[in-house]
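Novice: sequence? don't have it. structure:
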């Protein structure tokens with residue numbers, strides 16, 4: 001029997017790779033939004049959960065398939081929690097990942113080492129074409145480096161050094177960590193982990 005399809009409400013190739021790994025233990029076919037070019041995602045607002053729900057519901061209704069969406073951001077203590085929910089939009093639509101990262105480092109250039117605390121936040125939402133939406137949240141605390149390091153990951157990963165379970169710095173950015181390690185501790189991994197019971201319940205309901 002063919003595995004059930006789950007559509008990820010994103011065209012971000014890096015994000016799709018991460019979700020494929022995070023969901024590899026489930027019997028499903030994860031499909032990217034690139035397979036559905038006519039689907040237009042809604043404008044994002046100022047709340048992680050609301051954004052994730054809106055994207056998941058839009059894709060589920062448009063495709064007739066179950067959809068998974070996430071909304072995430074980097075909250076920097078010295079910037080009052082910014083860029084936060086606007087992390088992917090920082091600096092306007094003309095900036096790519098490297099440009100947004102450079103802009104953030106410029107904003108932090110006058111901050112001391114003790115002012116570089118930050119936290120990655122992610123909310124994931126599972127929506128069915130008809131039915132309730134389930135959500136879960138994950139966080140990954142850490143500190144920001146003064147310059148990028150590492151070639152893995154995407155977005156702000158090259159300057160974010162996560163804390164370990166004891167609250168100590170791991171000594172490597174998310175972009176330097178092996179993919180398996182990042183996919184165990186990241187904000188996205190923790191959010192997906194919290195949502196797994198709902199995903200398994202959905203899959204069981206199809207049997």
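Specialist: Sure thing, it's come through. Since the model is a prediction, treat every value here as computed from it, not as a measurement.

Novice: Need the contact partners of stretch 139-152.
Specialist: Under the criterion C-beta atoms under 8 Å, 6 or more residues apart in numbering, residues 76, 101, 104-105, 108, 116-122, 157-163, 169, 172-177, 179, 182, 185-187, 190 lie in contact with stretch 139-152. Quick note: C-beta positions are derived from backbone N, CA and C, even for glycine.

Novice: got the contact list for the closest residue to residue 2 other than its chain neighbours?
Specialist: Counting by C-beta to C-beta, 6 or more residues apart in numbering, the nearest residue to residue 2 once its immediate chain neighbours are dropped is residue 29, at 7.5 Å. Applying C-beta under 8 Å, 6+ apart, one finds that residue 29 lies in contact with 2, 3, 4, 5, 6.

Novice: which stretches of this protein form helices?
Specialist: Applying DSSP state H to the chain gives helices spanning 13-22, 48-63, 97-107, 179-185, 187-205.

Novice: which one of those has the most crowded surroundings?
Specialist: Sort these by mean neighbour count, taking mean count of other C-beta atoms under 10 Å, and helix 48-63 sits at the top with a mean of 21.

Novice: Output the contacting helices and strands for it.
Specialist: Packing partners of helix 48-63 (3 or more C-beta pairs under 8 Å, 6 or more residues apart in numbering; DSSP states H and E): strand 5-8, strand 66-76, strand 117-127, strand 133-144.

Novice: Need the residues that contact the shortest one.
Specialist: For strand 5-8, the surrounding residues in contact (C-beta under 8 Å, 6+ apart) are 15-16, 19, 23, 28-33, 35-36, 59-60, 63, 65-69.
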